[in-house]
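Trainee: Sequence and predicted structure are below.
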Amino acid sequence: MLTKKRLFFLGAGSMAEAMIKGLLAAQLLPAEQISVSTRKRTEHLQELSTTYGIHRCQDKRAEIEAADIIIIAVKPFDVATALQEVRESISARQMVISVAAGIATEDIESCFSEQVPVIRAMPNTSSFVQESATALCGGRWADQEHIALAENLFSAIGISVVVKEGLMNAVTGLSGSGPAYFYYVFEGLIQAGLECGLPEETCRTLLLQTVYGAAKMLKTTGKEPAELRRQVTSPNGTTMAGISVLEQGDVLNHFVQAVKRATQRSEEMGRQSNPAHV
Ligand SMILES: NC(=O)C1=CN([C@@H]2O[C@H](COP(=O)(O)OP(=O)(O)OC[C@H]3O[C@@H](n4cnc5c(N)ncnc54)[C@H](O)[C@@H]3O)[C@@H](O)[C@H]2O)C=CC1
Ligand SMILES: O=C(O)[C@@H]1CCC=N1
């Protein structure tokens, strides 16, 4: 479905690069059909174009007019300015996909004079290795075909699910930010291994396989995490001793609070960066 489409990325940071890398690896469309722009012409833009063979934007408006799908991948507080610059070049025959945290489809829609189909999506940076977990929803003017096209795009770089827009801030706090929670745990475990006398390389090798194996167990056995944890935990053994320290620190509840705070932050950013109010 996407093979002949032209994509324009408004913004060329971590998320845009992760998506571009994933899309090209999936061979969903040729690199020449992807254009990127940044606020200023930077070396980074040149680097992206050299690395991936994508088109480095020369004339933002003309290239946006020629695009089929415009992907908003600027920071939430830059969405208003970025859209102000190009809104006249976007029409109802195109489709906008925003990955900006917190920004509602209706606030993006209100920037255009036409009934532009808008999809709000929340992928994560694992798009880079085609392992994103993406949730998306359609705005007022997005029909089933637009949603299917967006699912097609995000399924090429991981898995995608369609949710109600009211759940998008929670998705942002859970799986949008999610990789960072796991990296944080990984950092802690590396530090633990080092402090217990293991060489760094050994820690890294063992932990990488441990995290990969645990994720694969969850995915392939379909068992509950508590059940899989029980299988590791011998009565009065090492795991029980380790987990009791985490329980004393109420670590599980801290994860719950972290995701709730991230969800709330997504809501706040949506209010503070609302492009409809600029
Ligand atoms: N980094 C992540 O893990 C995820 C980020 N997101 C969302 O993706 C969006 C981008 O985030 P990052 O890539 O992390 O940010 P970033 O700071 O790495 O990249 C932002 C890019 O936008 C460009 N930009 C700023 N103003 C612009 C303008 N007026 N016109 C064109 N380009 C402009 C900047 O030059 C930069 O290339 C955010 O809205 C964020 O909420 C969504 C999912 C995950
Ligand atoms: O930290 C952020 O605001 C972005 C949105 C989800 C992941 N990173």
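Mentor: Looks like it came in fine. Ligands and ions are numbered 1, 2, ... in the order given.

Trainee: Now whatever residue of the chain ends up closest to ligand 1. Its backbone dihedrals?
Mentor: Ligand 1 sits closest to residue 13 of the chain, with a gap of 1.8 Å, by Cβ to the nearest ligand atom. To be clear about C-beta, it is placed using only N, CA and C from the backbone, and glycine gets the same treatment. Main-chain dihedrals, residue 13, degrees, to the nearest 10: phi -100, psi -150.

Trainee: Can you report how many residues lie near the residue in the stretch 101-250 of the chain that ligand 2 sits nearest to?
Mentor: At 3.3 Å from ligand 2, residue 176 is the closest residue in the stretch 101-250 of the chain, using Cβ to the nearest ligand atom. Residues within reach of residue 176, counting by other Cβ atoms under 10 Å, total 27.

Trainee: got any ranges where the protein has weak pLDDT?
Mentor: Applying pLDDT under 70 to the chain picks out residues 41, 278.

Trainee: three-state assignment of the residue lying farthest from the centre of the chain?
Mentor: Of all residues in the chain, residue 236 has its C-alpha farthest from the mean position, at 40.7 Å, by Cα atoms, centre = their mean. What DSSP: H, G, I helix; E, B strand; the rest coil gives for residue 236 is coil.

Trainee: Please apply the same query to residue 8.
Mentor: Per three-state DSSP, residue 8 ends up strand.

Trainee: Please name the bridge partners of it.
Mentor: Here residue 8 sits in beta bridges with residue 35, residue 70, going by DSSP bridges.

Trainee: Okay, strands next: where are they in the stretch 101-250 of the chain?
Mentor: Using DSSP state E, counting those that start in this stretch, the strands of the stretch 101-250 of the chain run over 118-122, 132-138, 158-162.

Trainee: among those, which is the most enclosed?
Mentor: Comparing these by mean neighbour count (mean count of other Cβ atoms under 10 Å), strand 118-122 ranks first with a mean of 28.

Trainee: Tell me how far residue 81 lies from ligand 2.
Mentor: Distance of residue 81 to ligand 2, computed by Cβ to the nearest ligand atom, to the nearest Å: 18 Å.

Trainee: Redo the strands of the stretch 101-250 of the chain as TSV? Include distance to residue 90.
Mentor: Output for the strands of the stretch 101-250 of the chain, formatted as TSV (distance: least, Cβ to Cβ, whole Å):
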stretch	distance to residue 90
strand 118-122	10
strand 132-138	17
strand 158-162	23
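
Trainee: what about those strands, which gets the closest to residue 227?
Mentor: Residue 227 sits nearest to strand 132-138 of all those, at 22.0 Å, using Cβ to Cβ.

Trainee: Which strands border the closest one, and is each parallel or antiparallel?
Mentor: In the sheet, strand 132-138 lines up against strand 118-122 (antiparallel), strand 158-162 (parallel) (DSSP bridges).

Trainee: Can you tell me which of those strands is nearest to residue 268?
Mentor: Among those, strand 118-122 comes nearest to residue 268, with 15.8 Å by Cβ to Cβ.

Trainee: Give me the distance between that closest one and the centre of its chain.
Mentor: 11 Å (Cα atoms, centre = their mean, to the nearest Å).

Trainee: next one: stretch 166-183
Mentor: Chain-centre distance of stretch 166-183: 9 Å, with Cα atoms, centre = their mean.

Trainee: again with stretch 140-150
Mentor: That offset, for stretch 140-150, works out to 19 Å (Cα atoms, centre = their mean).

Trainee: Now residue 25: closest residue in space that isn't a chain neighbour?
Mentor: Nearest non-adjacent residue to residue 25, counting by Cβ to Cβ, 6 or more residues apart in numbering: residue 130, 5.8 Å away.

Trainee: For the one you found, grab phi and psi.
Mentor: Dihedral pair for residue 130: phi 60, psi 30, per degrees, to the nearest 10.
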